[in-house]
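J.: Quick one: sequence and predicted model below, then my questions.
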Amino acid sequence: MRIAVVPGDGIGQEVVPAALPVLTLLDEAYGLGITHDVLDWGADTWLRTGVGLPEGAIERLTKEYGAVLLGALGDPRIPDMAHGREILLGMRRGLDLYVNHRPVTLPTGVIDIFRENTQGLYVGVGGTVPQGGRTGVAIDECVYTRETVEKFVRYCLGRLRDTGRTKVTLVHKANAVPNTGRLWQEVFRRELEDFPGLEGSEEYVDAFCYHLVRDPSPYQGVLASNLFGDIVSDIGAALMGGLGLAASASICPETGIGLFEPVHGSAPDIAGRGIANPYATVMSLAMLLEHAGHGAPAALLRRCLDEAARGEAATPDLGGKGTTRSFMDAVLALLERGVAARGNDD
Ligand code: NAD
Ligand code: IPM
Ligand code: MN
């Protein structure tokens, strides 16, 4: 398997290079046969050449790569994030990565947030009408097709059932945004009939956020449209202890290709200082390995990450005094020990 590695911008340039020695170590220890190419997509290339996602990139990714590992996009020199939308949303849409899995790991259990990743308010339909030299009207349409909602809901319910979950919540806003809201409700109720082991509930997104912060313990699986899922997953990250911990996988179940990236952005406020937490990016790499069928190294990696995050190399966002570098040194040392001690059945 070949992986396209896109560090991107800001702390993406720090946390992705920090993650790569883990890939090398596990590849050698487990004979995974994974190779990777580092691609320079991001703000610098955009400002130099005007190119975000190069021509033919989607075809190349589809033909030559099994997965993408991404850091983050976003640069203060490009305030409208035009390059980020082209690269990030371009890959999500171009590769039809309609399932975005953002697990929220809490002491009370894991909440699997599944975010639809290609449609809704992110379809890019809309425009502006000028008025007296300024913007008079601005429109961003929310578009959902039954086909996408159906395949998304069916896949997520299947994943939840297969991982032993018994409860799933649809997050929506059908009271105020009725057309897409009702389509989601209709599909959710219909698809649930095929999953008798799953108890479904529905919540308005505002009330859901309120309940989630008050007490996350009742939730197991959460299904959300694109923008709601984006927002709700940042709340989930805060509950976990910060964006530095939140990993994600964007996948196309039909082709199997996936984009693995932390939930956080390029964090310009701390970029260049060597203190960004690489946990979320390395955890996204663990999700990549798991997705590629390498469950044993993925599990070892998760254990080592958690142990390092509890130790003295934890980065400042977790209240520690560590750096990106010292945290990864701790993870690599634990991995080496874990690899040496592993059973023959790994
Ligand atoms: P952000 O996620 O970059 O940062 C939010 C806060 O969390 C900041 O205080 C930051 O310091 C902190 N933080 C984030 N990741 C951290 C880490 N690994 N370790 C320690 N602290 C961390 O969100 P923002 O500031 O709103 O956005 C910055 C830029 O990133 C914007 O251009 C935005 O559009 C972009 N963005 C990109 C992605 C992506 O590429 N997937 C995601 C979110 C935001
Ligand atoms: C995320 C980010 C992106 C999104 C932005 C940067 C386009 O917030 O991955 O969570 O909204 O999906
Ligand atoms: Mn986000």
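T.: Yep, it's here. Ligands and ions are numbered 1, 2, ... in the order given.
J.: For ligand 1, what's the nearest residue on the stretch 1-150 of the chain?
T.: Nearest to ligand 1 in the stretch 1-150 of the chain, going by Cβ to the nearest ligand atom, is Gly74, at a distance of 2.3 Å. Every residue, glycine included, has its C-beta placed from N, CA and C.
J.: For that residue, identify the helix or strand it belongs to.
T.: Remark: Gly74 resides in no helix or strand, with elements defined by DSSP states H and E.
J.: show me what contacts it?
T.: Residues in contact with Gly74 (Cβ atoms under 8 Å, 6 or more residues apart in numbering) are 8-10, 43, 81, 84, 265-266, 268.
J.: The residues you listed also near ligand 1: which ones?
T.: 81, 84, 265-266, 268 (Cβ under 6 Å from any ligand atom).
J.: now that we have these, which one has the most neighbours?
T.: Ser266 (26 neighbours; other Cβ atoms under 10 Å).
J.: That residue - that's part of a strand, no?
T.: No. Ser266: not assigned to a strand; according to DSSP: H, G, I helix; E, B strand; the rest coil it is coil.
J.: Now do the nearest residue to it once chain neighbours are set aside: how many residues are near it, please.
T.: Distance criterion Cβ to Cβ, 6 or more residues apart in numbering; nearest residue to Ser266, sequence neighbours excluded, is Gly10 at 2.7 Å. Residues near Gly10, counting by other Cβ under 10 Å, number 26.
J.: List the residues that contact Gly10.
T.: Taking Cβ under 8 Å, 6+ apart, we find Gly10 in contact with 71-72, 74-75, 265-268, 271.
J.: Check what pLDDT it gets.
T.: At Gly10, the predicted lDDT confidence score is 98.
J.: how far away is it from ligand 2?
T.: 11 Å (Cβ to the nearest ligand atom, to the nearest Å).
J.: Tell me which residue of the stretch 201-346 of the chain lies closest to ligand 1.
T.: For the stretch 201-346 of the chain, Cβ to the nearest ligand atom, closest residue to ligand 1: Gly265, 2.3 Å.
J.: wait, that residue sits on Ala72?
T.: Yes. Counting by Cβ atoms under 8 Å, Gly265 does reach Ala72; the two are 4.9 Å apart.
J.: Up against ligand 2, what does the stretch 1-150 of the chain have?
T.: Going by Cβ under 6 Å from any ligand atom, the residues of the stretch 1-150 of the chain near ligand 2 are 84, 88.
J.: follow-up on the earlier one: could you measure from the residue of the stretch 201-346 of the chain closest to ligand 1 over to Val232?
T.: As for Gly265, its distance to Val232 is 16 Å (criterion: Cβ to Cβ, to the nearest Å).
J.: Ok, Arg161 next?
T.: Counting by Cβ to Cβ - Arg161 and Val232 are separated by 21 Å.
J.: for the chain, which spans come out with low pLDDT?
T.: Scanning the chain for pLDDT under 70 picks out 343-346.
J.: Please, where are all the strands along it?
T.: 2-8, 35-38, 67-72, 99-106, 109-116, 126-131, 134-140, 167-172, 199-204, 221-224, 247-251, 258-262 (DSSP state E).
J.: any chance of the ones you listed in CSV, with mean neighbour count too?
T.: Shown next, in CSV, are the strands of the chain (neighbours: other Cβ atoms under 10 Å):
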stretch, mean neighbour count
strand 2-8, 22
strand 35-38, 13
strand 67-72, 26
strand 99-106, 21
strand 109-116, 23
strand 126-131, 10
strand 134-140, 10
strand 167-172, 23
strand 199-204, 16
strand 221-224, 26
strand 247-251, 24
strand 258-262, 27
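J.: For ligand 2, what's the nearest residue on the protein?
T.: Closest point on the chain to ligand 2, by Cβ to the nearest ligand atom, is Asp230, at 4.4 Å.
J.: Identify the residue spatially nearest to that residue, adjacent ones excluded.
T.: Nearest residue to Asp230 in three dimensions, chain neighbours excluded: Arg115, at 6.5 Å (Cβ to Cβ, 6+ apart).
J.: Likewise for Met81?
T.: Per Cβ to Cβ, 6+ apart, closest to Met81 is Gly74, 6.2 Å.
J.: What's the separation between Glu86 and Ile34?
T.: 27 Å.
J.: Does at least one residue of stretch 63-72 sit close to ligand 1?
T.: Yes. If you take Cβ under 6 Å from any ligand atom as the test, stretch 63-72 does meet ligand 1, through Ala72.
J.: ok, residues contacting that stretch?
T.: Contacts with stretch 63-72, where a contact means Cβ under 8 Å, 6+ apart, come from 1-13, 15-16, 19, 36, 61, 88, 91, 256-262, 264-267, 281, 284-285, 288, 291-292.
J.: can you give me the helices in the protein?
T.: Applying DSSP state H to the chain gives helices spanning 12-30, 43-49, 57-64, 82-84, 90-94, 146-162, 178-192, 205-214, 226-240, 279-291, 295-310, 324-341.
J.: most tightly surrounded among those?
T.: Highest mean neighbour count among the helices of the chain (mean count of other Cβ atoms under 10 Å): helix 279-291, with a mean of 25.
J.: And Thr323, how close does it get to Val213?
T.: 31 Å.
J.: Glu202 too?
T.: Per Cβ to Cβ, Glu202 is found 19 Å from Val213.
J.: again with Asp9
T.: Counting by Cβ to Cβ - Asp9 and Val213 are separated by 30 Å.
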